[in-house]
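Visitor: Okay, sequence plus prediction incoming.
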Amino acid sequence: MIGFPIVGDWATFSTRIGLALLAGLLIGFEREWHRKPAGLRTHALVSVGACVYVVLGLILVGEEGGDPSRIIGQVVTGVGFLGAGVIFRQGANIQGLTTAATIWCSAAVGCLLATGLYVEAALASVAILLVNSLLKAIEDRLVKSDHQPKG
């Protein structure tokens, strides 16, 4: 079982918040680059906000006792509502699902950083960027090849 370290000093707190900001900016940059509705600011704020709430939960658990995973669960729920705001339906088409999922993932990275799981957060960030860029390119090629005239 992973022990959640208490954030006892400003250096640790600043490191975690700073890394959450950086991760959110990197993820948001990819969304901004592709002109998606939620970009730099949204992903940075979601990642930092998730980190702050989880750090606060860790501090309170250290002082009062309790279960820090409950705070993480509430972050997931709250960010789900935020993500729902970027999903739109136009006729048979649904848009914004990937952006909503990316917002949700940005929060997860913030939660990882809040608990001091830096390597795991870096790996998750890379995975998010790969899914949004590499898989998008593959998806585009598959769709394009499906619509090519036969013969």
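Guide: All right, it came through fine. Numbers count the residues shown, from 1 in each chain.
Visitor: Just checking, which helix or strand of this protein averages the lowest pLDDT?
Guide: Within the chain, judged by mean pLDDT, DSSP states H and E, the helix or strand with the poorest mean is helix 136-146; its value is a mean of 79.
Visitor: Pass me the low-pLDDT residue ranges in this structure, would you?
Guide: Counting by pLDDT under 70, the chain shows low-confidence ranges at 1-7, 63, 145-151.
Visitor: show me where the chain has helices.
Guide: 10-33, 40-64, 69-84, 97-114, 118-130, 136-146 (DSSP state H).
Visitor: Now do the contacts for the closest residue in space to Thr98 that isn't next to it in sequence.
Guide: In space, and not counting its chain neighbours, Thr98 is closest to Asn132: 6.8 Å by Cβ to Cβ, 6 or more residues apart in numbering. (Each C-beta comes from the backbone N, C-alpha and C, glycine too.) By Cβ atoms under 8 Å, 6 or more residues apart in numbering, the contact list for Asn132 reads 30-31, 34, 98, 102.
Visitor: what do you get if the cut-off is 7 Å, keeping everything else the same?
Guide: With contacts defined as Cβ atoms under 7 Å, 6 or more residues apart in numbering, the neighbours of Asn132 are 30, 98, 102.
Visitor: How many residues are close by the nearest residue to Asp67 once chain neighbours are set aside?
Guide: Nearest residue to Asp67, sequence neighbours excluded (Cβ to Cβ, 6+ apart): Val61, at 7.2 Å. When counting by other Cβ atoms under 10 Å, one arrives at 17 neighbours for Val61.
Visitor: I'd guessed Val61 sits against Arg70; true?
Guide: No - the criterion here is Cβ atoms under 7 Å, and Val61 misses it with Arg70 at 9.2 Å.
Visitor: Okay, the most centrally placed residue in the chain and Phe29: tell me how far apart.
Guide: Centroid check for the chain by Cα atoms, centre = their mean gives Ser106 as the closest residue, at 1.0 Å. Going from Ser106 to Phe29 by Cβ to Cβ, to the nearest Å gives 12 Å.
Visitor: now swap in Leu58 and tell me
Guide: Leu58 is 28 Å from Phe29, by Cβ to Cβ.
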